[in-house]
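*Asks:* build me a structure from this.
(chains A and B)
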Amino acid sequence: MVLVFIDHDGTKPKKGGLEAVTRAREIAGALNSPVFGLVVGHGIDGVAAEARKYVDTLYVVDNPAFAEYTPEKWTAAAHAAAQKAGAKAVVAPASRTGRTWTARLAVRLDAGLLEDVLEIEPSAEAVVAKRYTFLNRVLETQRAAYPVVVTSKPNAAPLAEPKGDGQVEALAVSLGELEARVEVLEKIQEEKKRVSLTEANVVVTGGRGMGSPEAFKLVEELADLLGGAVGATRAVVDAGWRPYAEQVGQTGKTVQPALYIALGVSGAVQHQAGMNKSKVVVAVNKDPDAPIFKETDYGIVGDVHQVLPAMIEAVKKLKD
Amino acid sequence: MKFVAIIRQVPDGEAKLREEGGRIDLSGATMILDQMDEYAVEEIIQLKEKHGGEAVIVAFGPERTKEAIRTALAMGADRAVFVKYEGDADPITEAKALAQVLKEEAPTVVFTGGQQADWDSYALGPAVAEALGWPSVAWTTAFELADETQATAQHDLDEGAQRVQVKLPAVFTTQQGLNEPRYPTLPGIMKAKKKEIKEIPAEELGITGTRVEILSQAIVKIERKQKILDGTKEPEKAAEELVRLLHEEAKVI
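*Replies:* As a prediction, the model looks like this:
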């Protein structure tokens, strides 16, 4: 049996959850087994009604105790669902939270952990997965015999299509002393006007070459025109121009969009680790020797303060 | 109180990697203390400075890992426990070995890097916590110790952040912004040479192989088109041409 954790935004499954369903179906094909789903939260009838379309049976943990995420609670829910389903494989999106509780679950199930997989080749005995290592510089092929826990890298798997109406079952999860040891005091909301950085198809990143926090208005404008997210380099967030949540790179977020636009970004290795798997990379920099140009498909050597407004105009013209 | 940082030695991000027979050969690469672990080391030293007690480094890996341990000791940690293991490892296997060490050490708080720069993994901290039956907090950006039984922390979620109160002992993984790691000073480096590194062979902890097997490794090189336009004289023209290429050739906008 295969269990897939479908994460959601409170009303419907997230993109990452539907990508995870794709991987779960691949494993289910090799094991010739049905797919069990799991949704966790509080007041998530709407989520369940959507998520059931992707699985044969959907376990629903809908309970005030699960209103706020903690890795311990999520592990307890996934463990209960995995036990009930008799799961040999558990798949979850490689989101920040997903990457954390799946590690706990792998220990609890004595399973092999395949993190951030790009593609998988499941058989009846094991899952072979391809994933990046060494700061995205190496493509590694790993193999783990069942039971396995797999996290699916954002934007790597196609979104699953709905297949019909799965059966819905409420799942009771008993919480013990461990889960009681973490209390959520406060949830700090990110200002959310745009698609999330890791899920975005287009990312527009500004570097120190932008010159000032005010100059990011134009970065935002281009991102909005393209329906994308705004990114920033470490230098920019360290300077306090943008929030840490927007940082792309080794110590920030790893993105793999269809289009990555780097504006005034020199392209340190640590930054490249977070973006060098983007499908198309665009760079604008006044220094023709900036390392970013080595990782660029289309670039302009020039003053970003002249080029960026012109790019915005050109995109607007294209859209008209 | 006792504060532990779990560290790893990894290749420098700028180090040139070599591939040999379908495996990465690190023999010529510059190896460093994982930058995400530097935050962990800094945090436990600050905790010790503020609250007293002991700052202990715990590490797992091949013999060369001792260089990274010396760096952490030079930053100001007191002593180290080193589980020596020469083969391929994975975070779950390492976590099971280190949990045994930590059970014995009985620390108040454990810190480790939010990501391991060689494995590109996020699992070590939470896996260690699970193996011990302790809570874990990932991507910690602020940490405040109340007393030896309790701490509050702020950490990043998928979107936004959370402030949590945690009953100790617990494992926290680092995120940039947690602190500013100090550089080892010359006297620190000299002192570090005399500090204790207790070595434990991984076999003594029952670790003989890994749960996940590495079949092959290959250096990735994505060929980029490198169509670079000159926008120094006519920026509008270059911008228009760029947008045309993205629309007609790359078909991404």
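*Asks:* which residues touch residue A:170?
*Replies:* Taking C-beta atoms under 8 Å, 6 or more residues apart in numbering or on different chains as the criterion, residue A:170 is in contact with A:59-62. Just so you know, the C-beta spots here come from the backbone N, C-alpha and C atoms, and that holds for glycine as well.
*Asks:* dump these to CSV, plus neighbour count and pLDDT.
*Replies:* Listed next are the contacts of residue A:170 as CSV, based on neighbours: other C-beta atoms under 10 Å in any protein chain shown; pLDDT from 0 to 100:
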residue, neighbour count, pLDDT
A:59, 27, 98
A:60, 21, 98
A:61, 23, 98
A:62, 17, 97
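*Asks:* quick one: which of those is nearest to chain B?
*Replies:* residue A:61 (18.0 Å; C-beta to the nearest C-beta).
*Asks:* report the residue ranges of every domain in chain A.
*Replies:* As assigned by automatic domain parsing, chain A contains the domains A:2-181, A:202-319.
*Asks:* let's have those domains in CSV, adding distance to residue B:222.
*Replies:* Shown next, in CSV, are the domains of chain A (distance: least, C-beta to C-beta, whole Å):
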stretch, distance to residue B:222
domain A:2-181, 10
domain A:202-319, 7
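*Asks:* closest to residue B:103 out of the ones you listed?
*Replies:* The stretch from those with the least distance to residue B:103 (C-beta to C-beta) is domain A:2-181; that distance is 14.2 Å.
*Asks:* quick one: contacts for residue B:145?
*Replies:* B:47, B:50-51, B:108-109, B:151.
*Asks:* part of a strand, is it?
*Replies:* Yes. Read with DSSP: H, G, I helix; E, B strand; the rest coil, residue B:145 is one of the residues of a strand.
*Asks:* follow-up on the earlier one: in strands, which of the contacts of residue A:170 fall?
*Replies:* Cross-referencing those with the strands (criterion: DSSP state E) gives A:59-62 as the overlap.
*Asks:* out of the contacts of residue B:145, which is most surrounded?
*Replies:* If you count neighbours using other C-beta atoms under 10 Å in any protein chain shown, the busiest of those is residue B:109, which has 25 neighbours.
*Asks:* go ahead and confirm it touches residue B:166.
*Replies:* No. The pair residue B:109 and residue B:166 fails to qualify as a contact (C-beta atoms under 8 Å) at a distance of 9.2 Å.
*Asks:* what's the longest helix along chain B packed up against?
*Replies:* With secondary structure taken from DSSP state H, chain B has its longest helix at helix B:35-51. Taking 3 or more C-beta pairs under 8 Å, 6 or more residues apart in numbering or on different chains; DSSP states H and E as contact, the helices and strands that helix B:35-51 lies on are strand B:2-7, strand B:54-61, helix B:65-75, strand B:109-112, strand B:136-147, strand B:170-174.
*Asks:* what's the local residue count around whatever residue of chain A ends up closest to chain B?
*Replies:* Proximity to chain B, evaluated over chain A using C-beta to the nearest C-beta, is greatest for residue A:302 at 2.8 Å. Using other C-beta under 10 Å as the criterion, residue A:302 is surrounded by 23 other residues.
*Asks:* quick one: buried residues of the strand or helix carrying residue A:282?
*Replies:* According to DSSP states H and E, residue A:282 maps onto strand A:280-285. Along strand A:280-285, these residues count as buried under the neighbour rule (16 or more other C-beta atoms under 10 Å in any protein chain shown): A:280-285.
*Asks:* so for residue B:181, which of the helices and strands packed on helix B:35-51 sits nearest?
*Replies:* With C-beta to C-beta as the measure, helix B:65-75 is the member of the helices and strands packed on helix B:35-51 nearest residue B:181 (7.3 Å).
*Asks:* thank you, goodbye.
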